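> have a look at this prediction, sequence included:
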Amino acid sequence: MRQGRANPPLFIGMLVISVITLLPQVFHPYLNAGILRRAKDKGLVRFEVLNLRHFATDRHRSVDDYPYGGGPGMVLMPEPLARAVEYAKADGLRTRTILMSPQGKVFSQEMAQHLAEQQGRLLLIAGRYEGVDERVVQSLVDMQLSIGDYILSGGELPALVIIDAVVRLLPGALGGEASAQEESFAGGILEHPHYTRPPVWRGMKVPEVLLGGNHQEIARFRRKEALRRTLRLRPDLLKKAALSDLDRQLLEEMKEEEGDGPHKER
């Protein structure tokens with residue numbers, strides 16, 4: 001096991017995101033590209049990727065073993081994981097340890113916002129094989145998260161999904177605070193449709209209101225189309241969304257325009 005580490009200094013408001021994984025090579029390209037790289041360069045976040053095998057206790061760097069009671073597959077052993085968690089937390093930062101797990105709560109935009117407001121470190125454990133020794137879960141894990149009801153080979157992709165969703169919500173990460181606020185799910189509904197040049201493409205025109213320069217009308221149009229899209233594709237979201245008086249007025253207009261038939265996205 002490595003002894004000590006020389007981390008760059010922490011800045012006020014900086015979030016540290018550490019990951020424990022058997023596949024560190026999966027993380028480095030993505031963490032060093034796009035928004036994540038820019039957020040890191042701005043001093044908004046620091047990434048740390050820890051190879052679980054570095055915390056093994058034998059010369060073969062073993063981190064998994066057969067499950068007690070029999071059954072298929074292998075289980076991650078408790079000691080290497082515990083050593084990795086303790087190493088990550090040794091600097092004294094307030095740490096929230098999160099296990100990527102199909103048994104966890106399903107990750108959401110609301111949860112991403114909550115994690116983006118955390119102080120200190122988010123420590124993500126990307127499991128592999130059949131799972132993690134339950135004693136680690138009970139003693140060292142603060143919460144478990146899932147990104148959906150399907151099977152993946154390990155926790156690396158879920159960890160990257162969570163990292164991306166959280167980091168883009170850090171103030172200054174997107175370069176414009178309105179960007180995060182206007183995206184899908186940010187206000188409880190889907191985002192409005194987007195258009196760019198040319199104004200006519202293969203016979204299909206950009207809505208005239210977007211070409212007119214009236215920002216108030218554009219904002220109203222976009223909100224209405226966001227509601228229309230949500231009603232058509234994710235009506236369940238509208239049941240939970242905090243709708244304004246204008247939203248309710250726009251929904252009534254849509255009902256009058258389209259009757260009780262299917263809602264078509266414009």
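Received it, and whenever you're ready, just let me know what you need. Residues are numbered from 1 along each chain as shown.
> CA only for contacts and neighbour counts going forward, please
OK.
> in whichever strand or helix holds Leu36, which residues are buried?
Using DSSP states H and E, Leu36 sits in helix 34-41. Using 16 or more other C-alpha atoms under 10 Å as the test for burial, helix 34-41 gives Ile35, Leu36, Arg37, Arg38, Ala39, Lys40.
> now the residues you listed in CSV, with pLDDT and distance to Arg96?
CSV is the format used below for those (pLDDT from 0 to 100; distance: C-alpha to C-alpha, whole Å):
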residue, pLDDT, distance to Arg96
Ile35, 97, 23
Leu36, 98, 20
Arg37, 98, 22
Arg38, 97, 24
Ala39, 97, 20
Lys40, 97, 20
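> any idea how far apart the tips of stretch 38-49 sit?
18 Å (C-alpha to C-alpha, to the nearest Å).
> list the contacts of it.
By C-alpha atoms under 8 Å, 6 or more residues apart in numbering, the residues outside stretch 38-49 that reach it are 11, 13-21, 24, 27, 31, 167, 170, 172-173.
> now these: which count as buried?
14-21, 24, 27, 31, 167, 170, 173.
> show me the domain layout of this protein.
15-167, 200-258 (automatic domain parsing).
> among these, which is the most enclosed?
Greatest average neighbour count among the domains of the chain goes to domain 15-167 (a mean of 17), per mean count of other C-alpha atoms under 10 Å.
> just the pLDDT for the closest residue to Arg37 other than its chain neighbours.
In space, and not counting its chain neighbours, Arg37 is closest to Leu31: 6.1 Å by C-alpha to C-alpha, 6 or more residues apart in numbering. Looking at Leu31, its pLDDT reads 98.
> swap in Pro9?
70.
> can you check the one 10 residues further on too?
At Val19, the pLDDT value in this model is 98.
> now it: phi and psi?
Recorded main-chain torsions at Val19 are phi -130, psi 130, according to degrees, to the nearest 10.
> ok, it touching Gly127?
No - contact criterion C-alpha atoms under 8 Å: Val19 and Gly127 do not qualify, at 10.4 Å.
> can you pull the residues that touch both of these two?
Contacts common to Val19 and Gly127, judged by C-alpha under 8 Å, 6+ apart, are absent.
> hang on, the earlier thing: among the domains of the chain, which comes closest to Pro193?
domain 200-258 (7.1 Å; C-alpha to C-alpha).
> how long is the closest one end to end?
End-to-end for domain 200-258, by C-alpha to C-alpha: 25 Å.
> same question, stretch 39-55
29 Å.
> quick one on the thing from earlier: and the domains of the chain as CSV, adding distance to Leu190?
Shown next, in CSV, are the domains of the chain (distance: least, C-alpha to C-alpha, whole Å):
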stretch, distance to Leu190
domain 15-167, 11
domain 200-258, 5
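> what's the closest of these to Ile189?
Closest among the domains of the chain, using C-alpha to C-alpha: domain 200-258, at 5.9 Å.
> what about the helices in the chain?
Counting by DSSP state H, the chain has helices at residues 24-31, 34-41, 78-89, 109-116, 134-140, 156-167, 177-182, 215-233, 235-240, 245-258.
> okay if I get those as JSON lines plus distance to Val49?
Shown next, in JSON lines, are the helices of the chain (distance: least, C-alpha to C-alpha, whole Å):
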{"stretch": "helix 24-31", "distance to Val49": "6"}
{"stretch": "helix 34-41", "distance to Val49": "14"}
{"stretch": "helix 78-89", "distance to Val49": "10"}
{"stretch": "helix 109-116", "distance to Val49": "18"}
{"stretch": "helix 134-140", "distance to Val49": "18"}
{"stretch": "helix 156-167", "distance to Val49": "11"}
{"stretch": "helix 177-182", "distance to Val49": "26"}
{"stretch": "helix 215-233", "distance to Val49": "37"}
{"stretch": "helix 235-240", "distance to Val49": "35"}
{"stretch": "helix 245-258", "distance to Val49": "44"}
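> those helices: lowest mean pLDDT?
Among the helices of the chain, helix 177-182 scores lowest, at a mean of 53.
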